[in-house]
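Chemist: predicted model, plus sequence, below.
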Amino acid sequence: MDAHVHAELADVLSGHPSFDLRFEKCGGFPGVLYLVPEPDMRLRQLTEAIAGRWPEAPPYGGRFAEVVPHLTIAQGQEDAVLGEIEADLAGRLPFTAHVSSVQLVVYDGAKWQERVSFALGR
């Protein structure tokens, strides 16, 4: 990703206002524990806007018919460990978060790294 792509991402994202999310419960995929964001409409809109700009690069490589907005908490752990984490989280929910930016996070083959942050519009 070069400066031109970063500029286009900034342009797409700046057209979306900041927003609040509430996390009240956990969800899961096989081997993944996540928090469910409510409402998820704004996250879906952000995903659709980026996918609309780069249709040749669909979310998750196009492997899923529907993209499910979520906040990954744990991945790749045994089910028992995921269950323990979920039980611990139960006493910490609900909470609210304000979303005012989107971080571009890149996997380099060994770890995830934040590359750049893009402010949402006001």
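Modeler: Arrived safely.
Chemist: from one end of stretch 61-68 to the other, what's the distance?
Modeler: Distance between the two ends of stretch 61-68: 14 Å, counting by C-alpha to C-alpha, to the nearest Å.
Chemist: pLDDT of that stretch, averaged?
Modeler: Mean pLDDT, computed over stretch 61-68, is 92.
Chemist: buried residues in that stretch?
Modeler: V67 (16 or more other C-beta atoms under 10 Å). Every residue, glycine included, has its C-beta placed from N, CA and C.
Chemist: kindly report the same for stretch 9-21.
Modeler: 9, 12-13, 16, 19, 21.
Chemist: E114: which of these is nearest?
Modeler: Among the buried residues of stretch 9-21, L9 lies closest to E114 (C-beta to C-beta), at 13.7 Å.
Chemist: in the chain, where is pLDDT below threshold?
Modeler: 122 (pLDDT under 70).
Chemist: that concludes my questions; thank you for your assistance.
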